[in-house]
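**Q** Requesting a structural model of the entry that follows:
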Amino acid sequence: MDIVVGIDVSKDRLDVAVAPSGLVFQVANTQAGIDDLVSRLEPIRAEVVALEATGGFETAAVAGLSAAGFAVVVVNPAQVRAYANALGRRAKTDAIDAAVIAAFVAATKPELRPLKDAETQALSALVARRRQIVQMIVAEENRAKMVLAKEAQKSIKRLLAALRRELESLDRDLDDHIRKSPVWRVRETLLTSVPGVGPATARTLLAEMPELGSLDRRQIASLAGLAPFTRQSGTWKGKSFIGGGRGKVRAVLFMAALVASRHNPVLKAFRDRLVAAGKPKIVAVVATMRKLLTILNAIIRDEKPWQNA
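**A** Reported below is the predicted structural model:
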C-alpha cells in the first residue's frame, strides 16, 4: 500500500499522521519545525503529503515540503470533513484530523497539480492585496453617502485619497512584477486581447490559475468551479448548480462576463441567445463566464490573440 502523510495545520502547530503505519507526531509551524518535519519524513518515502487549506497557515509547510522534493497536495477541508462523516468518525482532534486527511487522500487519490513557484506566489499576494484595497475603497465610498457630519466626511475623504494612492502604488508594483517575466508579459497581452478582459482579470488568472492553457475545457471549468453538477434521483431531477473550485477566479470572471456581455460581440450574442431561450439571467451570466474561460484557455494554449470572427 502507498504511504500517505496527512497533516492537520494550525497557526502554531502541524499534527502529522502517516498511513498505513499509524505513526503520529507534532512539530511547530515554524521554519525550524518544518525543517524537522522534512528530516523525519525523508526516511519514510511517502507517496504523497497532504495538507488542508487553512487560509494561508499551510503556505510555509507546503513550500518547504515541495522544495524538499515531496509530492504535496492541498485538499479542501469541507471534502475531508464530509469523508469523515461518511465513515462515521464524529470525534475531532488535531491528531484524528491528520489521520482522516491521510485516509481521504489514500481513498480518493486526488490529482497532483504543480504548485505555485515563489514568483507566482508573490504575484498572487499582490493581486490579493489589490483586491482588498479596492474593497476598502468601495466601503468608504458607500460610507460617505450615508455620513452627514462634515468632520466625518473630511476623514473619509482623507482615507479615500490615501487608499487611492496605495492602489496606484500597487498597480505600479504589479506592472513591475509582470515585466520581470517575458512569459507573463506575453500571456497578459494575450488575455487582455479579449474584449471584456482587463489587467485585473488577466493578472488574477496568471496568479490563481497557472494551469490555464494546459487543461481541456471541461477540466478548466471544473477547476474554476464553473462546471455544473446535476441532482437527480429516480424520476426527480433538481436544478444544476456550480460550486467549489477557485472562488477568486470566479469573482473576476463574473465581472469580466458582465462587461463582455456588453462589449464583446461573440459573448453578447451568446448571452442574448440564452436569455431569448428563456434561461434566467444569472444562468446566462454563469454560462458566459464558462464560455469566456474556455476562450481564454484556448488563447493561452494556442498562443494566439483574440480574433473577432
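
**Q** Buried residues of stretch 282-298, list them for me.
**A** Residues of stretch 282-298 classed as buried by neighbour count (16 or more other C-beta atoms under 10 Å): 284-297. Heads up, the C-betas are built off the backbone N, CA and C, glycines and all.

**Q** Contacts only, for residue 175.
**A** Residues in contact with residue 175 (C-beta atoms under 8 Å, 6 or more residues apart in numbering): none are found.

**Q** need the buried residues of stretch 282-298 in a markdown table with pLDDT, can you?
**A** Formatted as a markdown table, the buried residues of stretch 282-298 follow (pLDDT from 0 to 100):
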| residue | pLDDT |
| --- | --- |
| 284 | 92 |
| 285 | 92 |
| 286 | 90 |
| 287 | 92 |
| 288 | 93 |
| 289 | 93 |
| 290 | 93 |
| 291 | 94 |
| 292 | 95 |
| 293 | 94 |
| 294 | 94 |
| 295 | 94 |
| 296 | 94 |
| 297 | 93 |
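
**Q** of all those residues, which comes closest to residue 254?
**A** Among the buried residues of stretch 282-298, residue 289 lies closest to residue 254 (C-beta to C-beta), at 6.1 Å.

**Q** and whichever strand or helix holds residue 219, what's its mean pLDDT?
**A** In this assignment (DSSP states H and E), residue 219 forms part of helix 217-224. Averaged across helix 217-224, the pLDDT comes to 87.

**Q** do stretch 182-195 as well
**A** On average, stretch 182-195 scores 89.

**Q** For that stretch, buried residues please.
**A** So, applying 16+ other C-beta under 10 Å, buried residues of stretch 182-195: 184, 187, 188, 190, 191, 192, 193, 194, 195.

**Q** Pull the most distant pair out of the buried residues of stretch 282-298.
**A** 284 and 297 (20.3 Å).

**Q** still on that earlier bit, return the subset of the buried residues of stretch 282-298 lying in helices.
**A** Per DSSP state H, helices hold the following members of the buried residues of stretch 282-298: 284-297.

**Q** For residue 40, state which of the buried residues of stretch 182-195 is nearest.
**A** residue 184 (37.0 Å).
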